[in-house]
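Undergrad: this is a predicted model, with the sequence first.
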Amino acid sequence: MPGTLSEGFFGVSGLAQMEKDFGTQDPWFFGTSKYERDKYAQQIYLAGQHLKKLPENILEIGSAEGVFSKALLSHFPAAKYVGVEIARTPYLRAQEALKPYGSRAEIINADLLDCVGDLPEGKFDLIFFSECVYYMGDRIPATGFFKMFETLGQKIAPEGVLVMAHIINQQDAPETPITRRPVMDAYRTMIGGVDGLKRVHFSEHTQFKEEDGRDYTYELWVFKKNYPSGLSETQ
Ligand SMILES: C[S@@+](CC[C@H](N)C(=O)[O-])C[C@H]1O[C@@H](n2cnc3c(N)ncnc32)[C@H](O)[C@@H]1O
């Protein structure tokens with residue numbers, strides 16, 4: 001896959017920026033914020049709405065320090081979990097955090113763009129890919145982005161589900177240009193255009209994040225693999 005984080009988002013080294021962000025433990029308050037907790041709960045709820053059976057294999061892209069990973073492992077006690085995390089600092093913290101789950105949990109320290117093709121075909125009933133698509137979309141052309149999702153789509157089990165959450169139009173932050181609504185609209189269209197994937201949910205939410213003293217708007221998207229034809233999309 002073309003693109004490296006050294007060309008990355010923010011106009012400087014994206015990976016260095018990400019490592020710098022994680023210089024502070026839990027820089028986005030994933031572990032303590034009600035805003036983040038509610039967003040995780042909604043994603044788990046949506047997964048349950050669209051899965052026909054409990055997942056056996058879960059993949060999380062951008063697992064950060066493992067906060068959502070732990071929630072997933074607890075909520076789906078029969079499932080195995082694989083996380084992909086590019087930055088070393090959160091990867092090491094996630095490894096530590098997931099130790100109690102033993103062989104049920106595995107974290108790969110890699111760039112999804114490099115390893116997406118190596119993930120097993122048709123294995124994952126449930127994929128979470130939240131709050132990180134912009135970091136990749138900023139590094140590769142639209143053709144590469146579409147190809148990444150075509151490849152990822154092949155990793156989803158029949159009738160499996162891809163759940164995504166994305167902040168929209170983040171203000172006054174390095175992320176501002178990469179979270180703009182028209183760009184996110186284009187990503188959503190591209191993912192929905194992957195052969196065999198169908199968007200089955202779209203919603204937008206605005207919620208106050210106490211830790212930052214401001215509202216944020218985010219979208220939730222769900223795509224389903226091999227969605228039976230003739231059924232209409234729900235909002
Ligand atoms: C803002 S955090 C979101 C964490 C979590 N997914 C959530 O929703 O709370 C984004 C994470 O994605 C990771 N990330 C960014 N680009 C990545 C890539 N190409 N491959 C794997 N992980 C990536 C970052 O290092 C960071 O830990």
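TA: Looks like it arrived, so ask away. Because the structure is a prediction, the values reported are computed rather than measured.
Undergrad: hey, where'd the helices end up in the protein?
TA: Using DSSP state H, the helices of the chain run over 14-21, 34-50, 67-75, 88-97, 112-115, 133-137, 142-153, 181-192.
Undergrad: the second one packs against which elements?
TA: This points to helix 34-50. Counting contacts by 3 or more Cβ pairs under 8 Å, 6 or more residues apart in numbering; DSSP states H and E, helix 34-50 is packed against helix 67-75, strand 124-129, strand 156-168, strand 197-209, strand 214-225. In this view, the C-beta of every residue, glycine as well, is placed from N, C-alpha and C.
Undergrad: deepest-packed of the ones you listed, please.
TA: Burial of the helices and strands packed on helix 34-50 is given as mean neighbour count (mean count of other Cβ atoms under 10 Å); strand 124-129 ranks first at a mean of 26.
Undergrad: not counting that one itself, show me its contacts.
TA: Here strand 124-129 makes contact (Cβ atoms under 8 Å, 6 or more residues apart in numbering) with 43, 47, 51, 53, 55-62, 68, 72, 76, 79, 82, 152, 155-157, 160-164.
Undergrad: near the ligand too, which of the residues you listed?
TA: Residues of the contacts of strand 124-129 in contact with the ligand (Cβ under 6 Å from any ligand atom): 61-62, 68.
Undergrad: sorry, back to before: need the helices and strands packed on helix 34-50 in a markdown table (columns: distance to residue 181 and mean pLDDT).
TA: Converted to a markdown table, the helices and strands packed on helix 34-50 look like this (distance: least, Cβ to Cβ, whole Å; pLDDT from 0 to 100):
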| stretch | distance to residue 181 | mean pLDDT |
| --- | --- | --- |
| helix 67-75 | 24 | 98 |
| strand 124-129 | 19 | 98 |
| strand 156-168 | 5 | 97 |
| strand 197-209 | 10 | 97 |
| strand 214-225 | 9 | 97 |
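Undergrad: got CSV for those, with distance to residue 35 too?
TA: Formatted as CSV, the helices and strands packed on helix 34-50 follow (distance: least, Cβ to Cβ, whole Å):
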stretch, distance to residue 35
helix 67-75, 13
strand 124-129, 17
strand 156-168, 11
strand 197-209, 4
strand 214-225, 7
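Undergrad: could you dump the helices of the chain into a markdown table with distance to residue 103 added?
TA: Converted to a markdown table, the helices of the chain look like this (distance: least, Cβ to Cβ, whole Å):
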| stretch | distance to residue 103 |
| --- | --- |
| helix 14-21 | 28 |
| helix 34-50 | 22 |
| helix 67-75 | 12 |
| helix 88-97 | 13 |
| helix 112-115 | 20 |
| helix 133-137 | 29 |
| helix 142-153 | 24 |
| helix 181-192 | 31 |
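Undergrad: ok, which residues in the protein are in contact with the ligand?
TA: Contacts of the chain with the ligand, taken as Cβ under 6 Å from any ligand atom, map to 18, 28, 30, 61-62, 64, 68, 84-87, 90, 111-113, 130-132, 135-136.
Undergrad: whichever of those end up buried, select them in ChimeraX.
TA: Provided next is the ChimeraX selection string for whichever of these are buried by 16 or more other Cβ atoms under 10 Å:
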select :18,28,30,61,62,64,68,84,85,86,87,90,111,112,113,130,131,132,135,136
